[in-house]
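Q: Let's see this in three dimensions:
(one chain, ligands or ions: 1)
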Amino acid sequence: MIKGCLRRDPLNKYWVIFAPEKVSTIIKQSSEQEADFDLNPYAPGFEFATGRDILRKINPAYADQNWSVRVFPAKKPVLLIESEVNFKGKGLYDVMERLGAHEVVVETPRQNIYFDQLSIEEIADVLNVVRERIGDLKKDTRFRYVMVSKNRGLAAGGTINHNYSEIKAYPFVPPLVQARIDNAVAYYNLKERCLLCDIVDQELESKERIVAKNDFFVAFCPYASRFPFEIMISPRKHGSVFNTALSDFDIDKELAKILRLVLLKIRKALKAPAYNCVFHYPPVNSGEKELIESKALHWYISIIPKITNMMSDALEGGVYTNPTLPEEAAEFLKNIIE
Ligand SMILES: [Zn+2]
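A: This next block holds a predicted model:
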């Protein structure tokens, strides 16, 4: 019998993954912290500890390494691929098996290194692998959303002191994602334009909150940043990054350049803080809604350095207090150079 489940809160509409086997990890994290954080099963030589790879990339530029990027199923997955879509009602409550996918992307065999110290090619390899995994997971019609996130450092929820990301495929669209899509679709219905394209155009024009840019991407502190030094990285043109004369890998290199630069700026400016980095993609297998969703909003990356804690009004009300104006944060970061 599969332990745990997915439960939906009817008042807030959020889904909660109940994963009882995670309890030992969580208790360990909160009590012993640093010592365990440095035990590294993602280091070369410990591949046996993580099981069979779903995908392994070998970059010829690093001939001394057996791999440059590895993807494998999480050892303690919070979502289980062998489950089924079986929404059930318990009175007014909704419950289902913990269906989904939970994979780990180990981004480099190199230890004791910051992500921004990897080469452009190494980071592009990671982005390429992520692209490939999303493409594969979206073929599974049970899934509605694929979330790629990087939780770096204990304060950001990271559990291992190594560069890695997690990919989770959910059988539902997360409620905050759905709220963003609803806003973007309402905007599109009114103006026939993508909301994020308009935001990007306005930010490029005003220049006040721009942190970095290249021909294809722009990084800026959002107008109403919730957290100090929060950053969005977005393609400059809607969908065009996948439709130019450049190959996927050349586009990944352009994205790698700006991602690396932004993370370097954050590390230098804020003394290597823990951070969350999330890739926001459109939902998958949306059926008839797919066309309008693809027109109303495009993908982007958000980066949130963990230098403040969430307070009650943010947690329960969605009202944030930020001591740093995004214009000041952008100005500060803009001046940090390699
Ligand atoms: Zn757009």
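Q: Around the ion, pick out the residues from the stretch 151-300 of the chain.
A: Counting by C-beta under 5 Å from the ion, the residues of the stretch 151-300 of the chain lying close to the ion are 194, 196-197, 238, 298. Every C-beta, even on glycine, is put in place using the N, C-alpha and C of the backbone.
Q: out of these, which are inside strands?
A: Among those, no member is found in strands (DSSP state E).
Q: Tabulate those residues (TSV), appending neighbour count and pLDDT.
A: Shown next, in TSV, are these (neighbours: other C-beta atoms under 10 Å; pLDDT from 0 to 100):
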residue	neighbour count	pLDDT
Cys194	21	96
Leu196	21	96
Cys197	20	96
His238	19	90
His298	23	91
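Q: Looking at these, spot the one nearest Phe249.
A: Using C-beta to C-beta, His298 comes nearest to Phe249 of these, at 20.1 Å.
Q: Let me see the contact set for the closest one.
A: Contact analysis of His298 by C-beta atoms under 8 Å, 6 or more residues apart in numbering lists 194, 196-197, 234-235, 238-239, 282.
Q: on that earlier part again, so which of the residues of the stretch 151-300 of the chain next to the ion would you say is closest to Phe143?
A: Proximity of these to Phe143 was ranked by C-beta to C-beta; the top entry is His298 with 20.1 Å.
Q: Return the distance of the closest one relative to Cys194.
A: Distance of His298 to Cys194, computed by C-beta to C-beta, to the nearest Å: 6 Å.
Q: and for those two, which residues touch both?
A: His238.
Q: For this structure, which segments count as strands?
A: Using DSSP E, strands in the chain cover 5-8, 15-18, 55-57, 69-73, 88-90, 93-96, 101-106, 145-152, 164-170, 210-213, 217-220, 231-235, 275-280, 300-305.
Q: Name the residues of the third one that come out as buried.
A: Judged by neighbour count using 16 or more other C-beta atoms under 10 Å, the buried positions of strand 55-57 are 56-57.
Q: what helices or strands is that strand leaning on?
A: strand 69-73, helix 120-137 (3 or more C-beta pairs under 8 Å, 6 or more residues apart in numbering; DSSP states H and E).
Q: can you list the domains in the chain?
A: In the assignment given by automatic domain parsing, the structural domains of the chain cover 5-172, 190-334.
Q: closest to Asp182 out of these?
A: Across the domains of the chain (criterion: C-beta to C-beta), the nearest stretch is domain 190-334, sitting at 9.5 Å.
Q: Just the endpoints, please. Distance across the closest one?
A: By C-alpha to C-alpha, to the nearest Å, the extent of domain 190-334 from end to end equals 35 Å.
Q: Quick one: distance of that domain to the chain centre.
A: Relative to its chain's centre, domain 190-334 lies at 11 Å (C-alpha atoms, centre = their mean, to the nearest Å).
Q: again with stretch 326-338
A: Per C-alpha atoms, centre = their mean, the centroid offset for stretch 326-338 relative to its chain is 23 Å.
Q: ok, back up a step: for Gly135, find the nearest of the strands of the chain.
A: strand 145-152 (9.6 Å).
Q: Give me the buried stretch members for that closest one, please.
A: Residues of strand 145-152 classed as buried: 145-152 (neighbour count, 16+ other C-beta under 10 Å).
Q: Can you tell me the strand partners of that strand and which way each runs?
A: strand 164-170 (antiparallel), strand 275-280 (antiparallel) (DSSP bridges).
Q: So which of these is the most surrounded?
A: strand 164-170 (a mean of 22; mean count of other C-beta atoms under 10 Å).
Q: In CSV, list the strands paired with strand 145-152 along with mean pLDDT.
A: Converted to CSV, the strands paired with strand 145-152 look like this (pLDDT from 0 to 100):
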stretch, mean pLDDT
strand 164-170, 96
strand 275-280, 95
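Q: can you put those in a markdown table and add distance to Gly100?
A: Listed next are the strands paired with strand 145-152 as a markdown table, based on distance: least, C-beta to C-beta, whole Å:
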| stretch | distance to Gly100 |
| --- | --- |
| strand 164-170 | 5 |
| strand 275-280 | 17 |
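Q: Quick check: of the contacts of His298, which lies closest to Leu80?
A: Closest approach between the contacts of His298 and Leu80, by C-beta to C-beta: Pro282, at 24.5 Å.
Q: show me the contacts for the closest one.
A: Counting by C-beta under 8 Å, 6+ apart, Pro282 has contacts 181, 290, 293-294, 297-299.
Q: before we move on, what about Pro73?
A: So Pro73 contacts 51-52, 54, 81, 101-104 (C-beta under 8 Å, 6+ apart).
Q: so Val218 touches Leu204, yeah?
A: Yes. Counting by C-beta atoms under 8 Å, Val218 does reach Leu204; the two are 6.2 Å apart.
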